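1. Any chance you could fold what I've pasted below:
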Amino acid sequence: MTPAMFEGFALHDIDHRDVRLRARRGGDGPPLLLLHGHPQTHAMWHAVAQPLAQRFSVVAMDLRGRGDSTRLPASVDHALYSKRAMAADAVAVMRYFGFERFAVCAHDRGARVAHRLALDHPDAPTRMMLLDIAPTLAMYEGTTEAFARAYWHWFFLIQDAPLPERAIEADPLAWLREGMGRRFAGLGPFAPQAMAEYERCIAMAGSATAMCEDYRASATIDLEHDRADRARGHRVQAPLRVLWGAQGVVGHCFDALGLWRDAATDVSGAALDCGHYIAEERPAELLAEMLSFFGDDKS
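-> Predicted coordinates:
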């Protein structure tokens, strides 16, 4: 990435247990953690990071297995890529900067990490904004033919190794560009510098394994954790704002707002006129939503 994409942000490498986590921090004010989605890195926040840093202490991190964070090997139970492990990473990163409580905005896979963070560490998030997901358990239990056709990669990536890994490693750049380009907005919204960063990172050794293990965990151990919380009546307690793309799959296949109201105590939400990649398709609208929602935080 060119430095101008995150001007004023400092790079940090943070060791936590078995991983080294890459993060950028900039700005001053109430702490705000940004978590990226698939198949991206923290570069996806480039269009909103600098304006946010005028109001907040912004931390944008790469999830384990993505960006410049550590890629771990596969494990039988996929626990190394569970959202529980990734949520613990996120809490450790924020504690590294001295933040015990913080707001969170997260997209896609990162939003699933944020959901688990809110359940495992209920005292940590002050407010949360989740972009273009419904709860993982609800999406699996509510899978229809339309959803399976649109999100076919969910069901391909969870296949036993090494089938999906070999397919991705044969041409990782094609996997990335085809996967992102076939969605509603095509490749048009992605800045060349950001796309170059996504391409650099997906081509790193171990990226395909990390990607598949992330999805395998979501279909196995993560569902076990979600079912256990549902059985105990655990819900997200922090105020929750959910946004989804009106032209995206989640909005077409699920009642996102209703499903989150089943999973959290204080929920608001709305659709934006875009597809899946809200931060890059509609950065100005997302920034306005974030400034309004997180600016109301009195914690």
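2. which one is Leu287 nearest to, not counting chain neighbours?
-> Val48 (4.8 Å; CB to CB, 6 or more residues apart in numbering). (Glycine included, C-beta is placed from N, CA and C.)
3. Taking the centroid of this protein, which residue is nearest it?
-> The centroid of the chain falls nearest to Gly110 when counting by CA atoms, centre = their mean (1.6 Å).
4. Pretty sure it sits in a helix.
-> Yes: per DSSP: H, G, I helix; E, B strand; the rest coil, Gly110 lies within a helix segment.
5. Contacts only, for it.
-> Leu34, Leu35, His36, Gly37, Leu63 (CB atoms under 8 Å, 6 or more residues apart in numbering).
6. at 10 Å what do you get?
-> 33-38, 40, 42, 44, 61-63, 66, 83, 86, 90, 104, 117, 130-131, 133 (CB atoms under 10 Å, 6 or more residues apart in numbering).
7. So which residues of the stretch 101-250 of the chain form helices?
-> Along the stretch 101-250 of the chain, counting by DSSP state H, counting those that start in this stretch, helices occupy 109-120, 136-141, 145-150, 152-157, 163-170, 172-181, 192-202, 207-219, 221-232, 249-253.
8. Just send those back as JSON lines, with mean pLDDT and distance to Ala4 too.
-> JSON lines is the format used below for those (pLDDT from 0 to 100; distance: least, CB to CB, whole Å):
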{"stretch": "helix 109-120", "mean pLDDT": "98", "distance to Ala4": "24"}
{"stretch": "helix 136-141", "mean pLDDT": "98", "distance to Ala4": "36"}
{"stretch": "helix 145-150", "mean pLDDT": "97", "distance to Ala4": "35"}
{"stretch": "helix 152-157", "mean pLDDT": "98", "distance to Ala4": "32"}
{"stretch": "helix 163-170", "mean pLDDT": "98", "distance to Ala4": "31"}
{"stretch": "helix 172-181", "mean pLDDT": "97", "distance to Ala4": "23"}
{"stretch": "helix 192-202", "mean pLDDT": "97", "distance to Ala4": "9"}
{"stretch": "helix 207-219", "mean pLDDT": "98", "distance to Ala4": "26"}
{"stretch": "helix 221-232", "mean pLDDT": "98", "distance to Ala4": "37"}
{"stretch": "helix 249-253", "mean pLDDT": "97", "distance to Ala4": "32"}
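9. Pick the most deeply packed of those helices.
-> helix 109-120 (a mean of 26; mean count of other CB atoms under 10 Å).
10. Centre of the chain to that helix, how far?
-> Between the centre of helix 109-120 and the centre of its chain there are 8 Å (CA atoms, centre = their mean, to the nearest Å).
11. same check, this time on stretch 114-127
-> 14 Å.
12. before we move on, what about stretch 151-159?
-> For stretch 151-159, the distance to the chain centre is 17 Å (CA atoms, centre = their mean).
13. Pull the residues that contact that stretch.
-> Under CB under 10 Å, 6+ apart, the answer for stretch 151-159 is 38-39, 78, 136, 139-140, 143, 147-148, 163-165, 167-168, 175, 179, 208, 211-220, 249-250, 253.
14. Try it again at 7 Å.
-> Residues outside stretch 151-159 that contact it (CB atoms under 7 Å, 6 or more residues apart in numbering) are Ala148, Pro164, Gly179, Met211, Cys212, Tyr215, Arg216, Ala219, Val249.
15. what about the second one, distance to Thr220?
-> Applying CB to CB, to the nearest Å, one obtains 15 Å for the distance of Pro164 from Thr220.
16. ditto for the fourth one
-> Separation of Met211 from Thr220 (CB to CB): 15 Å.
17. Repeat that for the first one.
-> To Thr220, Ala148 is 18 Å away according to CB to CB.
18. With Trp154 instead?
-> If you go by CB to CB, the gap between Trp154 and Thr220 works out to 13 Å.
19. again, but for Leu137
-> Leu137 is 12 Å from Thr220, by CB to CB.
20. Apart from its chain neighbours, what residue comes closest to Gly295?
-> In space, Gly295 is closest to Arg55, 7.0 Å off (CB to CB, 6+ apart).
21. Is it correct that Ile14 is in contact with Ala23?
-> Yes: the pair Ile14 / Ala23 is scored as a contact, 6.1 Å apart, by CB atoms under 7 Å.
22. Would you mind listing the residues in contact with Lys83?
-> Arg112, Val113, Arg116, Ala217, Asp222.
23. switch to 6 Å and redo it
-> Neighbour list for Lys83: Arg112, Val113, Arg116, Asp222 [criterion: CB atoms under 6 Å, 6 or more residues apart in numbering].
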